[in-house]
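Participant: Sequence and computational prediction follow.
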Amino acid sequence: MTPLTSHGTRTMAATKSTLLALALLAIATVSGLGVTRASAQDVLISGPLAGAPAVRNMRVYREGRVNLIPGVGYTLQDEYARSLFLTVEANYHFLDWIGVGLWGGFNMARIDTDLTTQIAAVGQTTDRNRLSLPDRAAFSDQVGRMVWAASLHLMFVPLRGKLSLFQAVFIDTDLYVFGGVGLFGLQERAATDVVASGCDTMIGGGSTASCIDSARARADRVAVTPMFGLGMSFYANSWFGVMIEWRAFPFSWNPSGTDESGEGRDRMPGGGFPDGVINGDDSRTTFNQMINIGLVFNLPPDQAITD
Amino acid sequence: MKKAWIAALTALVAPPRTRTAGRVLAMGALLLGASLPCGAAAAQDADMTFDDESSEGGADMTFEEGGESSGGGGDVISSLATEGDASGAAARAADSGDRDAPEREAEATEEIYAVQQIYALRINRVELMPSIAQSMNDPFVSHTGVSLGLNYWFTNVLAVGLNFIWYEGLESESDLNFFVRRSTRLAVPVNGYQFLANLNFTYVPIYGKFAMFNEFIFQYDAYIVGGIGLMRTRPIPVVDPVVREFDFGERISFNVGIGLRVFVTRWLAVFAELRDYMYLETLENLNVGFGADRNNPETWVQSSPAFVNNVTAQIGLAIFVPFDFSYNQPR
């Protein structure tokens, strides 16, 4: 039989251990509720890595620095006209993972797609579509084109790392996403209508000169668009690198310079189509994209290295 | 959750008098803590297991002089925490009777190795790659497909495999062709796909790792892929749809592409790929015959095929089987 004192001691000990376990349970519960992410760095490391941060001696490419990026951009999935932009970008990063920047460029080449070339070669003008296609040879002149672009963006750099090429070349790299507001200078076919342009009459079985001229008349406009994308930078040294990025900038315009509005409910000719007017009603939204490649110059050239 | 582990470990190594009830409750705390959600657990914590296998490849940190040593992070250190040292340290603390020592949440002893191990070995593993595919360069028809790839890695950087994309029923014709036909009277011949199947070789020349917010480590690689295969396609009648109908036909295709694979665990990765499938396509004839010729199927297609680039983007998962692997060489 267990002595009373011993039993009492054991009871007290059991009570204390129960209280301790309950306290630990409460702590575990509270801490578990409060934990929003795993925090492996709290593990106490002994040995050579004791006290080492997750990443040691990391070269800081962005924080407190400006990067200037001259480059070229090429639009993708264009329907009628491609654009080759000469671009320049300037970013300043408050921290290594966030910054603001400006981007801009000019379209320095006028490149028709195969579709435009085909229309110019074999498109057919009839009384029904004379306003849309006054002269197939002039179609290349009536398509909408991007002239210049500018954007203000916020840049977010969630991934920073390095890569090995053929296990011989090691390059620092980072992956970033950005988003902001863009402005695009557009040149589209000028507004007109079938009567004012003279496309309601024929001369010698073809369109009148004024009708053909209406295809070549241009109007400038600025489109405001969201601009977003992602990219990767590859650093050769502390001040120089290259980047490749993808940009998207959906906006509404009339890329073909044709009369598209006034369609019937079934979208087939007839009903309200064509309305005989070239104007903003003929615009439609296209998901414009660009691949941008550039050279990265980091200023100042010297960079910080973390502990 | 980590603190739940600590509570459990502390209770488990407590003096014998207090162990029994404490252990039960501590296990309860452990289970409760473990079951609580952790909003953004590190990606590579997800494959944290408590066997010797998983702890082997984690220490891929490098500590070059003067260079960047972006290794480890959550992956390495969390792996270290699972190597049994934590319980060993706690046991030592208990054995020494040092109850007033500062709280030591967990302890691990790490070694530095001259040659670090690859995070996820591929050799002699099979890679299953379910994905979705989307054509990138056809403004007239959106070729959307579902894909399954299968690779066998006979070295860590070379694989031979098959990929299959099913398109039929998932494609859609855009409005562009309608607008073009209506405004310019130009019919652009377009084609639909049924499926493609290819034999591929994959090579991995680039691999690396990313640190996310200086804390979580993601291993990745970039690869090039190329091969030969078969496509089944057919023209979509746009010039004379009342009369013309087309059956699917086989085309030989060649493909070349690049891809990026980001490992989430040692057996699971997310991949994105851009591949150009090149083939000779049969297009609908833009001219309509008169009389009997109109109904003659031989007049429905163009006499010479057209070279077509079907640039396709794919995004999906890469699942490596077997899930576990062992390193041949000790580190």
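Facilitator: That came through, no problem. Computed from a predicted model, the values in this text were never measured in an experiment.

Participant: Walk me through the domains of chain A.
Facilitator: The record, using automatic domain parsing to delimit domains, assigns chain A the ranges A:1-50, A:60-305.

Participant: Which of those has the lowest mean pLDDT?
Facilitator: By mean pLDDT, the lowest-scoring of the domains of chain A turns out to be domain A:1-50, with a mean of 48.

Participant: So which of the domains of chain A is the most surrounded?
Facilitator: The densest packing among the domains of chain A, expressed as mean neighbour count by mean count of other Cβ atoms under 10 Å in any protein chain shown, is seen in domain A:60-305 with a mean of 18. C-betas here are computed from N, CA, C, even on glycine.

Participant: Same list (the domains of chain A) but as JSON lines, adding distance to chain B.
Facilitator: What follows is the domains of chain A, written out as JSON lines (distance: least, Cβ to the nearest Cβ, whole Å):
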{"stretch": "domain A:1-50", "distance to chain B": "3"}
{"stretch": "domain A:60-305", "distance to chain B": "3"}
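
Participant: Let me have those domains in a markdown table, extended by distance to B:A159.
Facilitator: What follows is these, written out as a markdown table (distance: least, Cβ to Cβ, whole Å):
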| stretch | distance to B:A159 |
| --- | --- |
| domain A:1-50 | 32 |
| domain A:60-305 | 17 |
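
Participant: With respect to B:Q219, which of the ones you listed lies nearest?
Facilitator: Ranking the domains of chain A by proximity to B:Q219 (Cβ to Cβ) places domain A:60-305 first, at 9.2 Å.

Participant: what's the offset of that closest one from the middle of its chain?
Facilitator: Put simply, domain A:60-305 sits 12 Å off its chain's centre (Cα atoms, centre = their mean, to the nearest Å).

Participant: just the strands in the stretch 101-250 of chain B please.
Facilitator: Counting by DSSP state E, counting those that start in this stretch, the stretch 101-250 of chain B has these strands, from start to end: B:107-109, B:126-135, B:141-142, B:144-153, B:158-166, B:172-173, B:190-212, B:216-236, B:249-263.

Participant: Serialize the ones you listed to TSV and add fields for mean pLDDT and mean neighbour count.
Facilitator: Putting these into TSV (pLDDT from 0 to 100; neighbours: other Cβ atoms under 10 Å in any protein chain shown) gives the following:
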stretch	mean pLDDT	mean neighbour count
strand B:107-109	60	21
strand B:126-135	96	18
strand B:141-142	92	16
strand B:144-153	96	19
strand B:158-166	96	19
strand B:172-173	89	12
strand B:190-212	92	20
strand B:216-236	93	20
strand B:249-263	95	18
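
Participant: Compare those strands and give me the one nearest chain A.
Facilitator: Of all the strands of the stretch 101-250 of chain B, it is strand B:190-212 that lies closest to chain A, at 3.1 Å by Cβ to the nearest Cβ.

Participant: in a strand, that's where A:A121 is, yeah?
Facilitator: No. Under DSSP: H, G, I helix; E, B strand; the rest coil, A:A121 falls outside any strand and is assigned helix.

Participant: That one touches A:R136, doesn't it?
Facilitator: Yes. Counting by Cβ atoms under 8 Å, A:A121 touches A:R136, with 7.3 Å between them.

Participant: one step back: what's the closest of the domains of chain A to B:R275?
Facilitator: Nearest to B:R275 among the domains of chain A is domain A:60-305; the distance by Cβ to Cβ comes to 15.8 Å.

Participant: Do a quick rundown of the helices in chain B.
Facilitator: Using DSSP state H, the helices found in chain B span residues B:2-12, B:16-35, B:52-56, B:73-81, B:85-96, B:176-184.

Participant: B:S304: neighbouring residues, count only.
Facilitator: 8 (other Cβ atoms under 10 Å in any protein chain shown).

Participant: Tell me the pLDDT of it.
Facilitator: You'll see B:S304 listed with a pLDDT of 91.

Participant: roughly how far apart are A:I119 and A:T87?
Facilitator: As defined by Cβ to Cβ, to the nearest Å, A:I119 lies at a distance of 29 Å from A:T87.

Participant: meant to ask about B:N151, not that
Facilitator: When Cβ to Cβ is the yardstick, B:N151 and A:T87 sit 38 Å from each other.

Participant: quick one, what contacts A:T113?
Facilitator: If a contact means Cβ atoms under 8 Å, 6 or more residues apart in numbering or on different chains, then A:T113 has A:D78, A:E79, A:Y80, A:A81, A:R82 as its contacts.

Participant: if you set the cut-off to 6 Å instead, what comes out?
Facilitator: Neighbouring residues of A:T113 by Cβ atoms under 6 Å, 6 or more residues apart in numbering or on different chains: A:D78, A:Y80.

Participant: again, but for A:F156
Facilitator: Counting by Cβ under 6 Å, 6+ apart, A:F156 touches A:I98, A:V177.

Participant: quick one, phi psi at the nearest residue in space to B:V180 that is not next to it in sequence?
Facilitator: Distances taken as Cβ to Cβ, 6 or more residues apart in numbering or on different chains put B:L186 closest to B:V180, at 5.6 Å, once the chain neighbours are dropped. For B:L186, the backbone dihedrals are phi -110, psi 120 (criterion: degrees, to the nearest 10).

Participant: Was I right to think B:L186 contacts A:I119?
Facilitator: Yes. Taking Cβ atoms under 6 Å as the definition, B:L186 is a contact partner of A:I119 at 5.3 Å.

Participant: Excluding chain neighbours, give the residue nearest to B:R185 in space.
Facilitator: A:Q124 (3.8 Å).

Participant: Torsion angles phi and psi at the one you found?
Facilitator: phi -120, psi 130.

Participant: got it, and A:F139?
Facilitator: Backbone torsions for A:F139, taken as degrees, to the nearest 10, come to phi -60, psi -40.

Participant: for A:T117, same thing?
Facilitator: A:T117 adopts backbone torsions of phi -60, psi -40, taken as degrees, to the nearest 10.

Participant: A:Y176: what secondary structure?
Facilitator: strand.

Participant: Now do the contacts for it.
Facilitator: Applying Cβ under 6 Å, 6+ apart to A:Y176 gives the contacts A:M155, A:V157, A:G231.

Participant: Look up how far A:L154 lies from it.
Facilitator: Applying Cβ to Cβ, one obtains 11 Å for the distance of A:Y176 from A:L154.

Participant: Write out the residues of the stretch 151-300 of chain B neighbouring chain A.
Facilitator: Within the stretch 151-300 of chain B, the positions adjacent to chain A are B:176, B:183-186, B:205-212, B:214-215 by Cβ under 6 Å from any Cβ of the partner chain.

Participant: again, 7 Å this time
Facilitator: B:176, B:178-180, B:182-186, B:188, B:205-215 (Cβ under 7 Å from any Cβ of the partner chain).

Participant: got the contact list for residue 283?
Facilitator: Reading this off chain A. A:S252, A:W253, A:N254 (Cβ atoms under 7 Å, 6 or more residues apart in numbering or on different chains).

Participant: not quite, I wanted chain B
Facilitator: The neighbours of B:L283, taking Cβ under 7 Å, 6+ apart as the test, are B:P189, B:P235, B:V301, B:Q302, B:A306.

Participant: what about 10 Å?
Facilitator: For B:L283, the contacting residues are B:V188, B:P189, B:V190, B:N191, B:P235, B:V301, B:Q302, B:S303, B:S304, B:P305, B:A306, B:V308, taking Cβ atoms under 10 Å, 6 or more residues apart in numbering or on different chains as the criterion.
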